[in-house]
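Enquirer: Below are the sequence and a predicted model; questions follow.
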Amino acid sequence: MQKIHKVIIVKGKVQGVFFRTNTKRTADGLDIKGQVKNLPDGSVWIAAEGEEAPMEAFIAWCRQGPPLAKVTGITIEPGEVQDFRTFEVSHH
């Protein structure tokens, strides 16, 4: 199966609600690799790689987020596969 890469920006109440932690848990469960970090504007940036079906499930989760989040928008862009080995949470 072919691996795809997506850059996902999630907007709304997505910081301070364990979004990154839950993103990693969801990614690990779907065998999605990449990274997630908070952006200065209050949104969350995700680079995700995996096969198409798990990626669709991951993106569907990103549209909702964890229980305390309130997602108001999401943008998804394709990107070059970078062969991430794990899914990392950036704390910068």
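Expert: Okay, I see it.
Enquirer: Just the helices from this structure, written as ranges.
Expert: Along the chain, the segments classed as helices by DSSP state H run 19-30, 52-64.
Enquirer: who's in contact with the first one?
Expert: Outside of helix 19-30, the residues within contact range by C-beta atoms under 8 Å, 6 or more residues apart in numbering are 10, 32-34, 36-38, 44, 46, 48, 50, 54-55, 57-58, 61-62, 65-66, 69, 87-90. Glycine gets a C-beta too; all of them are placed from N, C-alpha and C.
Enquirer: pLDDT weak spots in this structure?
Expert: 92 (pLDDT under 70).
Enquirer: same thing but at 50, please
Expert: Counting by pLDDT under 50, the chain contains no low-confidence range.
Enquirer: bridging residues for the residue nearest the centre of it?
Expert: Centroid-nearest residue in the chain, with C-alpha atoms, centre = their mean: residue 46, separated by 4.0 Å. Residue 46 forms beta bridges with residue 8, residue 36, as assigned by DSSP bridges.
Enquirer: ditto for residue 71
Expert: Bridge pairing for residue 71 - DSSP bridges - gives residue 12.
Enquirer: do you know how far it is from residue 84?
Expert: Distance of residue 71 to residue 84, given as C-beta to C-beta, to the nearest Å: 23 Å.
Enquirer: got it, and residue 31?
Expert: From residue 31 across to residue 84, the span is 11 Å (C-beta to C-beta).
Enquirer: Tell me which of those two has more neighbours.
Expert: Higher neighbour count among residue 31 and residue 84: residue 84, with 18 against 12, using other C-beta atoms under 10 Å.
Enquirer: ok, now how distant is residue 85 from residue 17?
Expert: Residue 85 sits 27 Å away from residue 17, going by C-beta to C-beta.
Enquirer: and what of residue 64?
Expert: Counting by C-beta to C-beta, the gap from residue 64 to residue 17 is 12 Å.
Enquirer: between these two, who's got more neighbours?
Expert: Ranked by neighbour count (other C-beta under 10 Å), residue 64 and residue 17 place residue 17 first, with 17 against 11.
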